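Participant: Give me coordinates for this.
(one chain, ligands or ions: 1)
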Amino acid sequence: MEEADLDDMTAVLSAPDPVHVDRPPRDRDDAVRWIEWQQRNYAEHDFGLWVVETHDGTFVGDCGLTMQDVEGTAHVEVGYHVMPDLRRHGYATEAARAVRDCAAAHGVEHLIALVRPENTPSQGVARALGMEVERTAYVHGVDALVFGMTLSNG
Ligand SMILES: CC(C)(COP(=O)(O)OP(=O)(O)OC[C@H]1O[C@@H](n2cnc3c(N)ncnc32)[C@H](O)[C@@H]1OP(=O)(O)O)[C@@H](O)C(=O)NCCC(=O)NCCS
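Facilitator: Below you'll find the model as predicted:
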């Protein structure tokens, strides 16, 4: 993800979100900070959220790995966002499976997904990856379900 992705990232991050109606929509400035966050992630961890596109180059969204502090413990999280008109085609699942397998191949032993209880679509993706709810936690000022799974690189 780089500065040239700003229009696409603004589009996906500012899309109306049916499960988060209480949350103010993100704007272009948020997308700038989002991209800068990924640039820091790549530099610090060699991973971050990556741009997802189809084989013909159509922008789909993002998916990748970030570090998350869950009540004082650092975890590797898989995250994903898909353009509204491309949802429910299996793109998030396909991308997240590839990211999960990449994490396993690089020695990540435990992968989580932090999901708000009302975010049914995201829970569907987490379950499709083989994750189950491990516990609840208070993260980024809200209650979240902590989906997780043990990874094996064998
Ligand atoms: C969550 C999100 C990335 C899912 O992307 P997607 O490409 O539509 O997901 P998939 O097509 O791979 O769906 C995988 C499974 O999740 C479940 N699912 C996805 N969307 C759903 C919906 N609207 N309602 C119920 N279940 C849903 C289903 O079980 C689905 O499998 P199925 O289509 O075979 O039934 C997308 O809805 C999104 O971008 N939401 C806003 C951003 C967000 O909430 N990100 C996650 C933050 S934790």
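
Participant: Near the ligand, which residues of this protein are found?
Facilitator: 17, 80-82, 87-93, 115, 119-122, 124-125, 128 (Cβ under 6 Å from any ligand atom). Where C-beta positions appear, they are placed from N, C-alpha and C, glycine not excepted.

Participant: And the strands in this protein, which stretches?
Facilitator: Under the criterion DSSP state E, the chain contains strands at 49-53, 59-70, 73-82, 110-115, 132-139, 142-150.

Participant: As TSV, these with distance to residue 9 would be great.
Facilitator: Listed next are those as TSV, based on distance: least, Cβ to Cβ, whole Å:
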stretch	distance to residue 9
strand 49-53	8
strand 59-70	7
strand 73-82	9
strand 110-115	20
strand 132-139	22
strand 142-150	22
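
Participant: mind listing what residue 137 touches?
Facilitator: 70-71, 114, 143-144, 146 (Cβ atoms under 8 Å, 6 or more residues apart in numbering).

Participant: Can you spell out which residues form a bridge with it?
Facilitator: For residue 137, the beta-bridge partners are residue 144 (DSSP bridges).

Participant: circling back: can you select the buried ones among the residues of the chain next to the ligand for me in ChimeraX?
Facilitator: The buried subset of the residues of the chain next to the ligand, as determined by 16 or more other Cβ atoms under 10 Å, is captured in ChimeraX by this line:
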select :17,80,81,82,91,92,93,115,119,121,122,125
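
Participant: Closest one of the contacts of residue 137 to the ligand?
Facilitator: Nearest to the ligand out of those is residue 114 (Cβ to the nearest ligand atom; 6.2 Å).

Participant: Give me the pLDDT for that closest one.
Facilitator: Note on residue 114: pLDDT of 98.

Participant: That one contacts residue 145, correct?
Facilitator: Yes. In this structure, residue 114 is within contact of residue 145 by Cβ atoms under 8 Å, at 7.5 Å.
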